[in-house]
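Colleague: Here is the input, now give the coordinates:
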Amino acid sequence: TMSEPQKQPQEQQPQQEQQPEAPQQPEQKPEQQQPTFVAIVLTAVGITLVAVIASWFIPGELTSLEVFTPKEKASDFSFSDFYTMVANNTGNVRTDPDITIVAVDGCTRAEMGRAIAVADSCGAAVIGLDLIFSPPTTDSDPIIEAIDTARNIVLPTVLEGGDQNRFTESRSSYFMPALSGNYTLASANINGDMDNSTTRYFKPEFRLNDEIVPSMATAIAELYRPGSAGELIDRGNDMEMINFSNREFIRLTPGEMIENSRFIRDHIVLIGYANDPADTHRSPLVNKMPGIDIHAHTIATVIGREYINYSPHWMSVALAMLVCCLIIVAGLYSRKHLWGAILVRLLQVAVMFGVLYAGSLIYIRCHYSFDFMPAITVSILGLVIMDVVIGLSVMASNAFKVLRHYTRLVVDKINKPGTKDNPKKN
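Modeller: Predicted coordinates:
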């Protein structure tokens with residue numbers, strides 16, 4: 001009877017030793033939670049704001065389209081110049097139906113006088129004289145009689161002294177006091193000459209001491225289409241942009257005027273030099289444009305009501321933020337997908353060409369100039385900042401993983417039984 005209780009522990013002991021240990025389950029890595037769409041949008045808004053602020057510190061020459069311009073115009077370029085060049089290269093250049101240029105290069109005073117008389121006898125609606133005469137070497141001057149008998153003739157004066165808002169003197173033809181007064185005096189000043197820049201704008205009127213002197217374009221347009229000067233002044237702009245796009249003019253010499261009288265009758269006839277190197281100016285189209293052509297484009301802008309309106313700066317900034325935010329959202333949303341980065345760069349290029357095309361189309365069809373350069377600049381900066389943020393986040397994530405890995409190794413080494421630092425307890 002005593003042997004049975006002794007066997008019982010012997011039978012139970014091997015059962016305890018044979019009990020299998022519970023298998024160690026592999027450590028489950030926490031699933032990486034994908035950012036929500038709201039988080040992506042908020043991140044894109046933050047990156048866009050940083051890009052807008054960063055764009056304020058970029059030099060102006062790095063945020064322009066100077067790379068698309070001729071070398072001689074690279075130092076003085078406006079976004080509207082790009083639109084003008086695009087519009088002029090569409091192949092839809094039209095001959096202006098209202099203005100004819102008579103080039104008197106190489107002509108004598110007698111021939112110039114006859115050109116004025118022929119223009120008047122052929123029924124020119126307005127004659128604009130882009131010439132200032134000095135006293136002749138002879139006692140008689142055929143110019144005076146031709147001007148005195150002409151109807152609706154506009155004579156030029158060049159205002160000097162002071163600044164662009166107030167002038168103190170003028171330079172006119174010597175014979176002005178001898179005329180009967182059947183003429184209109186207008187300023188032939190070209191705005192680009194005042195600050196040695198590209199001629200893009202004109203002043204509707206000038207202040208000479210206490211008098212108001214209209215520009216050549218204002219005076220001629222009012223005589224040709226009454227009321228146009230009032231419309232121009234009512235726009236309230238001290239400077240108006242000249243619309244140079246999609247236009248060319250009929251050019252005649254004095255000897256061709258009679259046989260081409262259909263281009264004289266009921267037209268504005270501008271008489272002056274068309275190939276004088278001293279009277280050439282920089283324009284959005286060419287580096288050297290004759291002054292008489294600039295006057296013709298300005299007059300055509302006024303009588304055709306083809307004024308260029310500019311978008312306000314806040315609209316350009318708002319558009320830049322919208323475009324940048326959309327590109328950044330696309331970049332953040334697609335960065336986990338295959339080809340995501342390449343697709344975002346292609347989207348950026350497509351947006352750049354899209355805004356340039358849209359801006360050119362709006363300029364040509366609606367005569368409205370949008371400055372899309374902030375949108376392009378901010379979008380590029382936004383993508384750079386997004387890449388930096390993503391790179392820093394990946395580096396921080398990898399550094400955290402390495403730190404966590406080595407921390408776990410150290411903890412496991414300390415807690416593992418049977419090691420030198422932690423001997424197994426008997």
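
Colleague: Could you list the low-pLDDT ranges of the stretch 251-400 of the chain?
Modeller: Residues of the stretch 251-400 of the chain that meet the criterion pLDDT under 70 lie in 336-338, 340-341.

Colleague: Which residues are in contact with G161?
Modeller: F167, T168, E169 (C-beta atoms under 8 Å, 6 or more residues apart in numbering). C-beta coordinates here come from the backbone N, C-alpha and C atoms, glycine included.

Colleague: mind running it again at 10 Å?
Modeller: Applying C-beta atoms under 10 Å, 6 or more residues apart in numbering to G161 gives the contacts F167, T168, E169, S170, L208, N209.

Colleague: What are the phi and psi values at the fourth one?
Modeller: So that's S170. Main-chain dihedrals, S170, degrees, to the nearest 10: phi -140, psi 160.

Colleague: How about it, nearest residue that isn't a chain neighbour?
Modeller: Excluding the flanking residues, the one nearest S170 by C-beta to C-beta, 6 or more residues apart in numbering is T157, at 4.5 Å.

Colleague: next one: the second one
Modeller: Here the nearest residue to T168 in space, its sequence neighbours aside, is G161; by C-beta to C-beta, 6+ apart that works out to 3.7 Å.

Colleague: quick one: the one you found from S170, how far?
Modeller: G161 sits at a distance of 9 Å from S170 (criterion: C-beta to C-beta, to the nearest Å).

Colleague: Overlap in contacts, those two.
Modeller: Both G161 and S170 are contacted by L208, N209, under the criterion C-beta under 10 Å, 6+ apart.

Colleague: Pull out the buried residues from the helix or strand harbouring V349.
Modeller: Element membership of V349, judged by DSSP states H and E, is helix 340-366. By neighbour count on 16 or more other C-beta atoms under 10 Å, the buried set for helix 340-366 is V344, L347, Q348, V351, M352, V355, L356, G359, S360, I362, Y363, I364.

Colleague: ok, now stretch 385-405?
Modeller: Buried residues in stretch 385-405 (16+ other C-beta under 10 Å): I385, M386, V389.

Colleague: Spell out the residue ranges of the strands in the stretch 201-350 of the chain.
Modeller: Under the criterion DSSP state E, counting those that start in this stretch, the stretch 201-350 of the chain contains strands at 201-202, 205-208, 211-214, 240-241, 247-252, 268-272, 280-281, 289-290, 309-310.

Colleague: Tell me which of those strands sits nearest to I414.
Modeller: When the strands of the stretch 201-350 of the chain are compared by C-beta to C-beta, strand 309-310 sits nearest I414, at 71.9 Å.

Colleague: Paired strands for that closest one, with orientation please.
Modeller: Counting by DSSP bridges, the strands paired with strand 309-310 are strand 368-369 (parallel).

Colleague: ok, and what's touching the strand it pairs with?
Modeller: 78-80, 82-84, 241, 307-311, 359, 362-363.

Colleague: change it to 7 Å
Modeller: S80, Y83, I308, N309, Y310, S311, I362, Y363 (C-beta atoms under 7 Å, 6 or more residues apart in numbering).

Colleague: Also stretch 82-91?
Modeller: So stretch 82-91 is contacted by L65, F68, F244, S245, N246, P284, L285, G359, S360, Y363, I364, S369 (C-beta under 7 Å, 6+ apart).

Colleague: burial count for the fourth one?
Modeller: The local packing of S245 (other C-beta atoms under 10 Å) involves 25 other residues.

Colleague: Run through the neighbouring helices and strands of the longest helix belonging to the chain.
Modeller: If each helix of the chain is counted by residues according to DSSP state H, the longest one is helix 373-415. Here helix 373-415 touches helix 37-55, helix 313-334, helix 340-366, going by 3 or more C-beta pairs under 7 Å, 6 or more residues apart in numbering; DSSP states H and E.

Colleague: Pull out the buried residues from the first one.
Modeller: Yep, that's helix 37-55 we're talking about. So for helix 37-55, counting by 16+ other C-beta under 10 Å, buried means I40, V41, T43, A44, I47, T48, V50, A51, V52, S55.

Colleague: pLDDT weak spots in the stretch 51-200 of the chain?
Modeller: Along the stretch 51-200 of the chain, the parts satisfying pLDDT under 70 run over 59-77, 91, 137, 139, 162-164, 192-196.
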